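Participant: Provided below for reference: sequence and predicted model.
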Amino acid sequence: MPIFHAIVLGITQGLTEFVPVSSSGHLELIPWLFQWNHFAGDSRMENTFDVALHLGTLSGLLVCLWTDVQLYARAGLGALVGRQPWNTDAKIGWLLLLSSVPAAIAATLFESFLLKQSGRVGIIAIGLAVFGLLLWLVDRQERTTRSFHDFSGRDALKIGVAQSLALLPGVSRSGITITAARMIGYDRPRAARLAFLMGIPIIAGAGVHRWYGVLSDGLPAGMWPALIAGTLTAAVTGSLALRFTLRWVQSHSYFGFAMYRLAIAAGVIVVLYTR
């Protein structure tokens, strides 16, 4: 893979992982649009590169939300070993882990099927449009504002089940979790922060699982430069995109993201029928 292509895909991953527009969909659409064929059907090489990009965005996520990560991790572990009381922070820490269970189960059961769907551009366009429209419809409704102190096991499971839908191409993990959080009463800033925190265990778990497969098979020769370039650009741009989103939703709705998704879906359909 050319270094330039790796940088483009790293930037794509970083910019779209933490805004509700589907990073997986964009990572499929960019090579399709420009007719790049980096892996020539080699799923091992494609999986390796995908792992590198997600580790990059995970590092950006941890840097940006490190204060929250420390708070909930220390409280949760401290309560588990009896050094601290089971307070709200400890509860939130463990509920964030609980929220990843539905997606982990779904990925285990349907991984082979879902991998076959990821390359189907028409399905990506449908996912972008349908779930972008859903985000807009839910976001425009006024609901009772819930705080993090109200975060419950029921909330974690509801949003976790919604998060599992992000395994489908074009849905967007952050988008569907924000939609679910808004639906049950969290305001825009809290919904975004909750979605990003919930992403840490699922992204880390998926990265560890896939990296184990990469190490078992051995790293393909000649991929180090592309891996490093993609990882670094994904980390930097992911951190910037996350900070932008957290600031944006303080005073703006998710309408712009929804319209962007609809526009991209329409563009994909046009290209499909004219190419």
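Facilitator: Everything's here; your move.
Participant: would you map the helices across the stretch 101-250 of the chain?
Facilitator: 101-117, 121-139, 153-164, 173-183, 188-217, 224-248 (DSSP state H, counting those that start in this stretch).
Participant: out of these, which is closest to Leu62?
Facilitator: helix 188-217 (7.1 Å; C-beta to C-beta). C-beta here means a position set from N, CA and C on the backbone, and glycine is covered the same way.
Participant: that closest one: which residues count as buried?
Facilitator: Neighbour-count burial for helix 188-217, with 16 or more other C-beta atoms under 10 Å as criterion, is recorded at 188, 190-207, 210-211, 214.
Participant: same check, this time on stretch 170-186
Facilitator: Using 16+ other C-beta under 10 Å as the test for burial, stretch 170-186 gives 170-184, 186.
Participant: now the residue nearest the centre of the chain: how far from Thr57?
Facilitator: Residue closest to the mean C-alpha point of the chain, counted by C-alpha atoms, centre = their mean, is Arg173 at 4.2 Å. Summarising the geometry, the distance separating Arg173 from Thr57, computed by C-beta to C-beta, to the nearest Å, is 11 Å.
Participant: over to Ala125?
Facilitator: Computed as C-beta to C-beta, the Ala125 to Thr57 distance reads 23 Å.
Participant: compare those two (neighbour count), which wins?
Facilitator: When Ala125 is set against Thr57 and neighbours are counted by other C-beta atoms under 10 Å, the residue ahead is Thr57, at 29 against 25.
Participant: what sits closest to that one if chain neighbours are left out?
Facilitator: Nearest residue to Thr57, sequence neighbours excluded (C-beta to C-beta, 6 or more residues apart in numbering): Gly238, at 3.8 Å.
Participant: OK, contacts around that neighbour?
Facilitator: The contact partners of Gly238, taken as C-beta atoms under 8 Å, 6 or more residues apart in numbering, are Gln13, Gly14, Leu15, Glu17, Phe18, Gly56, Thr57, Gly60, Leu61.
Participant: gap between it and Leu53?
Facilitator: According to C-beta to C-beta, Gly238 and Leu53 sit 9 Å apart.
Participant: any common contacting residues for the two?
Facilitator: Shared contacts of Gly238 and Leu53 (C-beta under 8 Å, 6+ apart): Gln13.
Participant: Thr245 - how many residues pack around it?
Facilitator: Other residues lying near Thr245 total 24 when counted by other C-beta under 10 Å.
Participant: how many neighbours does the spatially closest residue to Ala106 that is not a sequence neighbour have?
Facilitator: Spatially, and ignoring its direct neighbours in sequence, Ala106 is nearest to Ser164 (4.1 Å; C-beta to C-beta, 6+ apart). For Ser164, the count of nearby residues is 21 (other C-beta under 10 Å).
Participant: now do Leu137
Facilitator: Leu137 has 12 neighbouring residues, counting by other C-beta under 10 Å.
Participant: dump the residue contacts of it.
Facilitator: Under the criterion of C-beta under 8 Å, 6+ apart, Leu137 has no contact partners.
Participant: run the last query once more with 10 Å
Facilitator: Residues touching Leu137, when contacts are defined by C-beta atoms under 10 Å, 6 or more residues apart in numbering, comprise Thr179, Met183, Ala258.
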